[in-house]
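*Asks:* Generate a structure from the sequence data that follows.
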Amino acid sequence: MTERLRIAIQKSGRLSDGSMELLKNCGLKVSRGKDRLYGRVQEMPIDVMLLRDDDIPEFVADQACDIGIVGENVFEEDRLGGAREDAAEEVMRLGFARCRLMIAGPKEWDYDGPAHLNGMRIATSYPGLTQAWLEREGAAAKPVMMKGSVEVAPRLKVADAVCDIVSTGATLDANGLKPVATVFSSQALLIRNKEPFPTEKQTIFDALIKRINGVITSRDAKYVMMNAPRTAVEAITEYLPGADAPTVLDLVGAPDKVAIHAVCRESVFWDQLEELKKLGASAILVLPIEKMMA
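*Replies:* Predicted coordinates:
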């Protein structure tokens, strides 16, 4: 029987959308069952388990799943909780589902640093991360665990402030709160259990990692083409953002000019194009890269 790699993904929400988009960009299509809690990849021997985000570290650590995509905030909170001796381990950051865990208090606060929180109660769903930050900053405040609706805690007099995930800040604003300090910056992580995979499963894992690396590498990369004076090749090459050695081609009927093709591993902005123009480049074309593999 063929080994299949099991991956845990959040069943709904922004992290779920980003995870599915990543698999899609890896050339993998997930066919879901009727209960929508299980899926199967058609192009590779991979099964997808759709779970609550805070269950993913446990499922991966306990080998119910081999790997998982989880928010860094959830993973770190699970690690700080120390519920398991053999927690899952981080494989790589994935660069999407970015957010911040922040301290927020009433809009009328004149916040002047962590000492402002001394003696206060802070409502949060992330007591481990909150406590770690308070200790690091030397603030004598106490986290108060809440499972949901953290923003209403000050209004209900349950706590003086909150520590919660902030994306746009609209929910805080609607509850009369403002963010004042960043506790933890988070993004999506790929994690795996610590047990060695059987050879066949390791081969599947390695192939998937190559595809993911290709997607991440190509995310901001651009393919840049231009014509330029032969004498400007060196200056243009040095200026191209994050470029490997470019390809330089002769132009028919123009011995003093060449075509320059380069893969830039960073975003290319308008001011950079204007600078290339000043260096003598013309007919500059910037194209997105759908896939790239080293």
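
*Asks:* Give me the below-cutoff pLDDT ranges for the stretch 151-294 of the chain.
*Replies:* 294 (pLDDT under 70).

*Asks:* now do 80
*Replies:* In the predicted model, the stretch 151-294 of the chain carries pLDDT under 80 at residues 167-168, 220, 241-244, 266-267, 291-294.

*Asks:* show me where it has strands.
*Replies:* 161-166, 177-186, 188-192, 222-229, 247-251, 254-264, 282-288 (DSSP state E, counting those that start in this stretch).

*Asks:* Look up the residues forming beta bridges with residue 49.
*Replies:* For residue 49, the beta-bridge partners under DSSP bridges are residue 8, residue 38.

*Asks:* wait, doesn't it sit right on residue 36?
*Replies:* No - using C-beta atoms under 8 Å, residue 49 is not in contact with residue 36, being 11.3 Å away. C-beta here means a position set from N, CA and C on the backbone, and glycine is covered the same way.

*Asks:* When the two are compared, which one has more neighbours?
*Replies:* residue 49 (19 against 10; other C-beta atoms under 10 Å).

*Asks:* give me every residue that touches that one.
*Replies:* 6, 7, 8, 9, 37, 38, 59, 64, 65 (C-beta atoms under 8 Å, 6 or more residues apart in numbering).

*Asks:* of all the strands of the stretch 151-294 of the chain, which lies closest to residue 87?
*Replies:* Of all those, the one in closest proximity to residue 87, counting by C-beta to C-beta, is strand 188-192 (9.0 Å).

*Asks:* from the chain's centre, how far out does that closest one sit?
*Replies:* Remark: strand 188-192 is offset 9 Å from the chain centroid, using C-alpha atoms, centre = their mean, to the nearest Å.

*Asks:* Next: stretch 58-70.
*Replies:* 18 Å.

*Asks:* buried ones in that stretch?
*Replies:* In terms of neighbour count (16 or more other C-beta atoms under 10 Å), stretch 58-70 has its buried residues at 58, 59, 60, 61, 65, 66, 67, 68, 69, 70.

*Asks:* Which of these fall in helices?
*Replies:* Filtering the buried residues of stretch 58-70 for membership in helices, criterion DSSP state H, returns 58, 59, 60, 61.

*Asks:* from those residues, which is closest to residue 18?
*Replies:* When those are compared for distance to residue 18 (C-beta to C-beta), residue 60 wins out at 17.8 Å.

*Asks:* Contacts only, for that closest one.
*Replies:* Contacts here follow C-beta under 8 Å, 6+ apart; on that basis residue 60 touches 8, 66, 67, 68, 70, 88, 191, 192, 193.

*Asks:* Please report the distance of it from residue 89.
*Replies:* Using C-beta to C-beta, to the nearest Å, one gets 9 Å for the distance from residue 60 to residue 89.

*Asks:* any shared contact partners between those two?
*Replies:* Between them, residue 60 and residue 89 share the neighbouring residues 191, 192, 193, with contact defined by C-beta under 8 Å, 6+ apart.

*Asks:* May I ask which of those residues has the most neighbours?
*Replies:* For those, neighbours were counted using other C-beta under 10 Å, and residue 191 has the most, 23 neighbours in all.
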